[in-house]
Every structure is written in structure tokens, then in C-alpha cells.
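1. Predicted model and sequence below, questions to follow.
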Amino acid sequence: MTTNDSVALTDFIRNIITEDLKANKNEARIVTRFPPEPNGYLHIGHAKSICLNFGIAAENKGICNLRFDDTNPSKEDIEYVESIKEDVRWLGFNWNDRLFYASDYFEQLYQYAVQLVKAGKAYVCDLNAQEIRDYRGTLTKPGKESPYRTRSVEENLDLFERMRAGEFEDGSRVLRAKIDMASGNLNMRDPVIYRILRAEHHRTGDKWCIYPMYDFAHCLSDSLEGITHSICTLEFEDHRPLYDWFLDELNVHHPQQIEFARLNLSYTVMSKRKLAELVEQGHVTGWDDPRMPTLSGLRRRGYTPESIRNFCERIGVAKRDSMVDIALLEHCIREDLNQHAPRVMGVLRPLRVVIDNYPEDQIEELDGPYHPEDSSMGSRKLPFSRVLYIERDDFREDPPKKFFRLSLGREVRLRYAYYIKCTRVVKDEQTNEVVEVHCTYDPETRGGWSSDGRKVRGTLHWVSADHSLEAEVRLYDRLFDKANPTGEKDTDFKTYLNPNSLETLTSCRVEPSLAGEAPGSRSQFERLGYFCVDAKDSSDGALAFNRTVTLRDSWAKIEKRKK
RNA sequence: UGGGGUGUCGUCAAGUGGUAAGACACAGGAUUUUGGUUCCUGCAUUCGGAGGUUCGAAUCCUCCCACCCCAGCCA
């Protein structure tokens, strides 16, 4: 695993940091931060940022803060801060005692704003939202200066103080930076830095009725925390001049903002808004639906934190917009689980098999190692009896070319058990469907091996009918059936929702060793894929498994090609 | 005739003037009591395009083209 080999990661951000370290910038200290807004759940795009910020800090003996950017109480909630903390912890990162909130700095931020007013660099503006928009101009036309732009420092000070005191209506006035209404960069056209907003804040309650805007709060929070490298996504590139402006005007510690491209993953969507839409409209069962690219969804699906961290390392960090193939994510979880998941047997669509020459009441305990390449994982006993279940797909009446599973007259191996040969089939008279197959077994092949050198091509997984446990299995697939569901401007992304993203199977049979498996525990169902016990819906009496990912399936590929 | 970015294999991505890493995907083959794993092999004479500089250019210069972001009192 690359995680263990840990070849030093390099990307343009780490290169900048290496240079800064060499130049002894910031006394060669590295301080980063992960600054989520608590208004939604974290997704794998955030994982990229978390791995970057915490990773860079760790690699350079630096520190990384977790800071909630909670400056808009109308959208934020404590539920989200709790889930975010849980997800960051689960991913494997530790902020120790450096858990911060932008709201911790509200008083300090207010004082900075006063300082700006005193310096003649900010003013209270009475224009309403629509007017401000009109005065801002357009992308190609410069804006107009607000008639309130020339108010005296004294008047601004008085008005701003009264804004804080709650003397004015929501939306009636704002504090604006006095920069340049003709700037080609719209962010510099006298941006709003404080608005009046009476909303219960999850941490400060009703202490404040004015709240700072992102551009003002973010750079100064970074500064206050002594951040050295403020890493954010590309859409903030245009904001960097403003980020720098505030820090320069206030003459405070000046972190360097660096932007990188956010993660896009094929066959899914990554915006909080769109994910929320899927949740609200019931297309998925919640933020932690195993089909969601949220960390809570991936966790419930069976992804390991290691696999996600490994994925984040492999995708790299750069500035170009890109779309990572979800096959890479799938590769990462297979790689991890192949190494660590115990092998067990489960039959998803059971087909009854009767071994006619096997003694009626006999039961044998056969040994089955938990991992073919790692004997330290031990083994379990598999009960074998006269009546078994095999996978429906593993029997064909008319076997196509290269099909080397069971069929009339054919011999196959039952994993860790015996060779069996099919002698006849029983069909449903109505549907003509095969409902039972009869076989004979070769007692000389116990354990699944013949000393006479006879070759069998197929090895099937199986369970004993009487000893197996019933289970529900959810087969998850990609959420969308289009690589880029948001790619067409005129088509709603939900048009491309994959109707087969979830198939629930209720009469599956799994081997008895799975009884009492802990929620979240992962195993490979041999020949099928990796599954985990659902953390919410599974119980001892009613097992429920989620399919994390299938095994690579070259037979399926062959079959698909023939069509 | 707004500003800011980005263009290297199907998808990510190294490369910073010395002759195109690696990963995923894909295609062959070997081994295999999982059609899994593992292991070999193949996969950009070419770096958005056109000129130019140079002994030498993905890297430097010029022009052009394409795509992304910005007109919240959201972050």
C-alpha cells in the first residue's frame, strides 16, 4: 500500500511549502486549518481537503486547526458540527486541543471593523440589497459609488455601533469596505463586511445581531490563529486580493492563501446543495445513505478510512478542473479489503442442491481458512450436509462457451468441500424454471481436492441449507448512470439517477459463522464482493449486509462482450 | 476592448531548456481450491493550435483557440 510505502508526496502546494521552509518564512513553522461551514455533511471532496491540510501539517511537524466557519447562523446548526467532528476523527485526523470557531472571534472581528472605519476604509451604507446590486455594475461595466460612501468617520462609527446595538432592522444597513467600485474584480467593489441578521446562533445565541461576511471573517480568523498557509478551493482565487487587502489594511499577520481544484468524481455529485436535494426529495434515505459520497455514507457502505486517505493521496493536488474516475475509489477499497477482510460464504440468490449420495443425517465440519494468503487470520468450520444452496447464477441449463460452473453432467468443486456432479434438475411445471438440482459427490475429494489429478474448472461458494442464516443484502451500485450528471446545462442532474443503484435481496443465506457479527464489520463474500454489516438496520435476529463493492469480475466482462 | 484561472494518454498526474514518470482504466498472457489476488507484457515520436528563439522546447517568446470561476446583505 502506498500509505505504508509513503513515498514523499509532491504537488504544487507542498512545493511552495518546501520553498517557504527553506527560506525560513514564518520562522519555518507550518500552520494549516480545515475550515468547514457547519451547514451540511462532509463528503469525499472535503476528505481531499482534510488530508491535504492535516497531511501537510503532519509532514512538516506543523499543526492543523479544525475551525468552524460559523458566520451565518441562518444556515448553520449544531447537528452539522457534531457530524463534522465525527467524520474528521473517523478519517483518522486529530486536532487535539485546537478546535476553533469563527464565532470565538466575533468581538475581535468587530474591533477590527471599527479600526477599518476609523482608518476611513469602511463605511455604513443604507442602500438596500437590490440597490447595492444595481450599484455594483456588471462583469463588463464598472459600478457606481454609494451615496453613503463619503460619510464621516464619526457618523460611521456611531452608525456601526448602533447596528451592533440592534437599533436597525435586518437588512436596513451594512458595513462596507471602501475599495474600488470600478475594479474588474467584483469582490473589490466595496464588498459588504457586516450585515444585520437577527438569528439564533448555535454558539453565541442572541448576543449578536450583526455578523461578519466570509471574506472579512475568514482572513482574520486565519490571521488570529497564526495560520501560515491558507489552503482553499479555486473559486476563492478571485477573493485573494480581498483576503490580502483586509490583512494589509489592518497590518496583521498575513497567511498565504493558496487555491487548488476541488474534487469531482464520476457517477456522483459533490455539491452540498445537490446532495441535500437528493436527501430532501427522498431519492436516498439520508445523508448517510450508502450511495452518497458523504463520509457518513461511505462509512456505512463499508469504506475504510485508510482506503479514502489512500485515494486522496493518489488523486493528487493541482489547479486544473478534473473529474476523477470513481473506478479509482473502488480500486482503493478493494485493495484495502483484499488484504484485510476475512473470506466467508454467502449465497445471494439461493438455488437448492441435493447431494443424492450423501447420507441423510450426516453433517461434516469442514475447515475454511479466513484468508487464502494470510494464515494468521485463522479459519472457521463450515457445516456440510445433504442439502445445500448455491448461487443461481452458478448453474446453467445451456452453458455458454467458457462457462465453467455447474450444468447437467458437469463436475465442479464446492469451495473447501467436495467435487460434485450434476445428475438431474427439477423444474417448476408452470414456469419451467430450475428450482432444484440433484448431484452426487465424490467422497474422495474432501476439502476440495482430488489426488487423481482430475481437473475441475469451476469452484463454487455454497452454504448448508439447514445451518445457514437468513440475511438481507443490499446491492449498491453507482448513484448515477452518467459519468457527469451535471454536465448538461438544460437537463436536471436527477434525470441521470441510476434506477438500479439499490437492489435489496431478502432471502439470502450466509454461513453460520456470521451470526452476531458486529455492526460495520466487513468481510468478503467469496466470488461476490465485499460486504459490511449495516450499522443501523442489522440485528442478531435479522442480519443486513451492504455491498461495499463487487469483486472484479472477468466472467461478467466476457458475458457483456458477447451481447 | 471586465477580472481571475486552466489546458501533458480514456481518467487523474509528474515534468520548471537536455530529448514524455507513475496510478487507475483498458488489452493480452502466466499462476490460482475465489473467472478474486499475485505476476509479466502492451498502452502519448508527443505535450490545446500556429509561428518563433535555441545545437536542443511540454518547458522560453508571440499570436490564437477551448474550458472553468466571479455580478449573495452565502461560504
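-> Done, it's in.

2. Just the buried residues of stretch A:528-543, please?
-> Under the neighbour-count criterion of 16 or more other Cβ atoms under 10 Å, stretch A:528-543 has A:528-535, A:537-538, A:543 buried. (Glycine included, C-beta is placed from N, CA and C.)

3. With stretch A:365-382 instead?
-> Under the neighbour-count criterion of 16+ other Cβ under 10 Å, stretch A:365-382 has A:366, A:368, A:370-371, A:379-380, A:382 buried.

4. Could you do stretch A:311-327 as well?
-> Residues of stretch A:311-327 classed as buried by neighbour count (16+ other Cβ under 10 Å): A:311-313, A:315, A:317, A:324, A:326.

5. So what touches that stretch?
-> Contact with stretch A:311-327 is made by A:2-3, A:9, A:11-14, A:44, A:47-48, A:51-52, A:234, A:259-261, A:263-268, A:328-329, A:332, A:478, A:483-484, as judged by Cβ atoms under 8 Å, 6 or more residues apart in numbering.

6. Let's see which of those residues end up in helices.
-> If you go by DSSP state H, these have A:2-3, A:12-14, A:44, A:47-48, A:51-52, A:328-329, A:332 in helices.

7. For PyMOL, what selects the buried ones among these?
-> PyMOL command restricting the ones in helices among the contacts of stretch A:311-327 to the buried ones, with burial defined by 16+ other Cβ under 10 Å:
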select buried, chain A and resi 13+14+44+47+48+51+52+329+332
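
8. ok so, going back, can you pick out the most distant pair from the buried residues of stretch A:311-327?
-> Put simply, by Cβ to Cβ the two of those set farthest apart are A:Val317 and A:Ile326, 18.7 Å from each other.

9. coming back round to it: could you list which of the buried residues of stretch A:311-327 also contact RNA strand B?
-> Here is what survives when the buried residues of stretch A:311-327 are matched to RNA strand B using Cβ under 7 Å from any atom of the strand: A:315, A:317, A:324.

10. so can I have JSON lines of these showing pLDDT and secondary structure?
-> Below are these laid out as JSON lines (pLDDT from 0 to 100; DSSP: H, G, I helix; E, B strand; the rest coil):
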{"residue": "A:Ile315", "pLDDT": "98", "secondary structure": "helix"}
{"residue": "A:Val317", "pLDDT": "98", "secondary structure": "coil"}
{"residue": "A:Val324", "pLDDT": "98", "secondary structure": "strand"}
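
11. At the contact with RNA strand B, which residues of the stretch 201-350 of chain A appear?
-> With Cβ under 7 Å from any atom of the strand as the criterion, the stretch 201-350 of chain A meets RNA strand B at residues A:211, A:213-215, A:217-218, A:234-239, A:261, A:266, A:314-325, A:327-328, A:330-331, A:334-335, A:338, A:343.

12. So which residues of the stretch 51-200 of chain A form helices?
-> According to DSSP state H, counting those that start in this stretch, the stretch 51-200 of chain A carries its helices in the segments A:78-91, A:106-118, A:129-136, A:153-165.

13. What lies in contact with the third one?
-> Contacts of helix A:129-136 from elsewhere in the structure, counted by Cβ under 8 Å, 6+ apart, are A:125, A:127, A:143-146, A:171, A:174, A:181, A:186, A:189, A:192.

14. next one: the last one
-> Applying Cβ under 8 Å, 6+ apart, the contact partners of helix A:153-165 are A:110, A:113-114, A:117-118, A:120, A:122-124, A:151, A:168, A:173, A:175, A:194, A:196, A:208-210.

15. Inside strands: which ones of the contacts of helix A:129-136?
-> A:125, A:174, A:192 (DSSP state E).

16. looking at those, which has the most residues close by?
-> When neighbours are counted by other Cβ atoms under 10 Å, A:Val174 leads the ones in strands among the contacts of helix A:129-136 with 26 neighbours.

17. Tell me who's in contact with that one.
-> By Cβ under 8 Å, 6+ apart, the neighbours of A:Val174 are A:124-125, A:132, A:192-196.

18. swap the cut-off to 10 Å and go again
-> By Cβ atoms under 10 Å, 6 or more residues apart in numbering, the contact list for A:Val174 reads A:123-129, A:132, A:146, A:148, A:160, A:163, A:190-196, A:210, A:213.

19. Could you do A:Pro342 as well?
-> A:Pro342 is in contact with A:369-371, A:374, A:377-380, A:513, A:521-524, counting by Cβ under 10 Å, 6+ apart.

20. ok, and the closest non-adjacent residue to it?
-> Spatial nearest neighbour of A:Pro342, excluding adjacent residues (Cβ to Cβ, 6 or more residues apart in numbering): A:Tyr370 at 4.0 Å.

21. isn't the one you found right up against A:Ser513?
-> Yes - counting by Cβ atoms under 10 Å, A:Tyr370 does reach A:Ser513; the two are 9.1 Å apart.

22. for chain A, what helix or strand is lowest in average pLDDT?
-> Lowest by mean pLDDT, DSSP states H and E among the helices and strands of chain A is helix A:2-5, with a mean of 39.

23. what about the nearest residue to A:Ser468 once chain neighbours are set aside, neighbour count?
-> Excluding the flanking residues, the one nearest A:Ser468 by Cβ to Cβ, 6+ apart is A:Arg509, at 4.0 Å. Residues lying near A:Arg509 (other Cβ under 10 Å) number 23.
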